[in-house]
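S.K.: Dropping the sequence and predicted coords here.
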Amino acid sequence: MEKNMDIELSSMFVIFGGTGDLTKRKLIPAVFSLMHEGKLSEDFTIVCIGRREKTTEQYRAEMHEYVKEFSRFPLNSKSWENFIKRVFYKNFDFTSNNQGYKDLDLFLETMENEYSTKGNRLYYLAVAPEFFEGIIRNLKNNNMVCKSIGWQRVMIEKPFGSNLKTARILNNNISKLIPEEDIFRIDHYLGKEMIQNILAIRFGNSLFEPLWNSNYIDNIQITSNELIGVENRGAYYENTGILKDMLQNHLLQMLTMIAMEPPVDFDPESIRDEKVKVLRSLRPFTTASLKEDIVRGQYGSGTINEVKVVGYRQEERVSRESKTDTFIAIKTYIDNFRFGGVPIYIRAGKRMDTKSTEIVIQFKKLAGINYYKEFDQIGSNLLVLKIQPQEGFYFQINAKKPGNNFKMEKVELDYCQSCKYLNNSPEAYERLLLEAIRNNSSLFTRWDELEYSWKFIESIEKGYENDVSDYPNYAAGTPGPTGAVDLIEKDGRQWWNTGI
């Protein structure tokens, strides 16, 4: 086990929703990996809270299989024993009254005294959004946050509100209970390695930053395609759709990283200030642009990897007449000096023909280059940032093809990060948990970021009121609705499908 203790900070990780899928598949395996690498204090302790009656021993036995399957490190007896002795289960109904929270606090204080965690607590709300405010209110009323001893922070999963109005109400209510600096709103895409690498590529290379503007960039494309459907999240997806599940958070966050101005320093607030400027500059949709620049879709039955799958309307807990979107493609603009006039194409969908999340920067062709007949088949220069499943990037340039004739070919300068650092790249939740303990808020969403992203989404939703989409309009295992191709081809451009 590598010992790389760059933090000497004892703390307790308290998970509300300890029996949920997020805890089993992401949080517990993430903590195991961090402990395996020696990134956490020897005093670090995990308390998982759930409403199901079980003992700590039963809970530990259940977690063994999840850590074995989902951790990026192999499980052996030594690493498991070192980890699991720090995991405890507490049966507690977090919707209960103050007395229940008083009992919980006494339990946590006992643990703090035994393991010397010095009052430092990281609360993680891995529960449905309707419970966020109630839990935080009970924590505040029972002096379990904002204490005079140590620090207490709250990590909140998405979605944060269901629209601009509900997001504002939730934020106002929570901010009256705990200060903004103690609220860590999660967008797990910000924890992905290649998302963090965007800043290094942009600001660490003199090759790119001078070209990072409307003088040289023809268009920007952000794609997030998934092979999976909604799986067992039908009820959740009926209330969110692709618009709120992906565009409002993950995709707009990627756009801010691509389009932000260089921050004055790498202080968290400096970075988030620049991201907010991008969101404020996003052009809202109008009645006319809603018809021209947005394509929506819902998958029907089809075949994925030679396996027949059902359509969205046949998924569990989904209405048989559902109008919920599982695909969206938009064209938008950032109305600022750097990117004025550069079209930004964003698309995301479930049950697509490939699994791929990537960002493509297409540069303009040289003016007049086609004067030379030898260059009549010249391709565009592309910078492709691969987010998942493969991590890395490549720069596509043009060069002469070997031979006696002067013919051009595309050449890719390729860097596969996930190939070079196999299993050494931390998962998103590992990074997010570690940075929350370090009190680094740059990987988390500030309230004004959410507010402006919701304003942009609201301009789209206005056009949904009278929509009578004929769903389903694409089969599972295909590239999506044909309208998405028309959206970009009518501008004389194309979607870049670089694959993995």
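M.R.: Received it, and whenever you're ready, just let me know what you need. Residues are numbered from 1 along each chain as shown.

S.K.: got a pLDDT number for Lys158?
M.R.: Lys158 carries a pLDDT score of 82 in this model.

S.K.: sec struct for it, please.
M.R.: When states are read from DSSP: H, G, I helix; E, B strand; the rest coil, the local structure at Lys158 comes out as coil.

S.K.: excluding its backbone neighbours, what's nearest it?
M.R.: Leaving aside its chain neighbours, Lys158 sits nearest to Asn249 (5.6 Å; criterion: CB to CB, 6 or more residues apart in numbering). Where you see a C-beta, it was placed from the backbone N, CA and C, and this is true even at glycine.

S.K.: Surely the one you found touches Gly161?
M.R.: No. Asn249 lies out of contact with Gly161 (CB atoms under 8 Å); the separation is 11.1 Å.

S.K.: More neighbours: which of those two?
M.R.: Asn249 (24 against 20; other CB atoms under 10 Å).

S.K.: So for this structure, the centremost residue is which one?
M.R.: Nearest residue to the geometric centre of the chain (CA atoms, centre = their mean): Tyr189, 2.5 Å.

S.K.: Determine whether the claim that that residue is in a helix is correct.
M.R.: Yes. Using three-state DSSP, the assignment for Tyr189 is a helix.

S.K.: In space, what's closest to it - neighbours in sequence excluded?
M.R.: Nearest residue to Tyr189, sequence neighbours excluded (CB to CB, 6+ apart): His250, at 4.3 Å.

S.K.: likewise Arg446?
M.R.: In space, Arg446 is closest to Arg272, 4.8 Å off (CB to CB, 6+ apart).

S.K.: helices or strands next to the helix or strand hosting Ser270 in the packing?
M.R.: Secondary structure from DSSP states H and E places Ser270 in helix 268-281. In terms of contacts (3 or more CB pairs under 8 Å, 6 or more residues apart in numbering; DSSP states H and E), helix 268-281 is packed against helix 252-259, helix 447-461.

S.K.: buried sites along the helix or strand just after that helix?
M.R.: Counting by DSSP H and E, the next helix or strand C-terminal to helix 268-281 is helix 287-293. Within helix 287-293, the residues that count as buried by 16 or more other CB atoms under 10 Å are Ser289, Leu290, Asp293.

S.K.: residues contacting the first one?
M.R.: Residues counted as contacts of Ser289 (CB atoms under 8 Å, 6 or more residues apart in numbering): none.

S.K.: if you compare the helices and strands packed on helix 268-281, which one is most tucked away?
M.R.: Sort those by mean neighbour count, taking mean count of other CB atoms under 10 Å, and helix 252-259 sits at the top with a mean of 23.

S.K.: what's that one in contact with?
M.R.: With CB under 8 Å, 6+ apart as the criterion, helix 252-259 contacts 187, 189-190, 195, 198-199, 202, 220, 222, 274-275, 278-279, 282, 334, 338-339, 344, 346, 359, 361, 387, 445, 449, 453, 456.

S.K.: Run the angle between that helix and helix 268-281 for me.
M.R.: Computed with axes from the mean of the first three to the mean of the last three CA atoms, to 10 degrees, the direction of helix 252-259 lies at 100 degrees from that of helix 268-281.

S.K.: between helix 252-259 and helix 447-461, how big is the angle?
M.R.: Angle, helix 252-259 to helix 447-461, by the same axes, to 10 degrees: 110 degrees.

S.K.: Which secondary structure elements does the host helix or strand of Tyr123 sit against?
M.R.: Using DSSP H and E, Tyr123 sits in strand 121-125. In this structure, strand 121-125 makes packing contacts with strand 12-16, helix 132-141, strand 152-156, helix 428-437, judged by 3+ CB pairs under 8 Å, 6+ apart.

S.K.: which one of the ones you listed is the most hemmed in?
M.R.: Ranked by mean neighbours (mean count of other CB under 10 Å), the helices and strands packed on strand 121-125 are led by strand 12-16, with a mean of 25.

S.K.: Next SSE downstream of that strand?
M.R.: Counting by DSSP H and E, the next helix or strand C-terminal to strand 12-16 is helix 21-22.

S.K.: For that following helix, give the mean pLDDT please.
M.R.: Helix 21-22 comes out with an average pLDDT of 92.

S.K.: what about the strands in the stretch 1-150 of the chain?
M.R.: For the stretch 1-150 of the chain, the strands defined by DSSP state E, counting those that start in this stretch occupy 12-16, 45-50, 87-91, 121-125.

S.K.: Now tabulate those in TSV and tack on distance to Ile136 and mean pLDDT.
M.R.: Shown next, in TSV, are these (distance: least, CB to CB, whole Å; pLDDT from 0 to 100):
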stretch	distance to Ile136	mean pLDDT
strand 12-16	10	97
strand 45-50	14	96
strand 87-91	18	95
strand 121-125	8	97
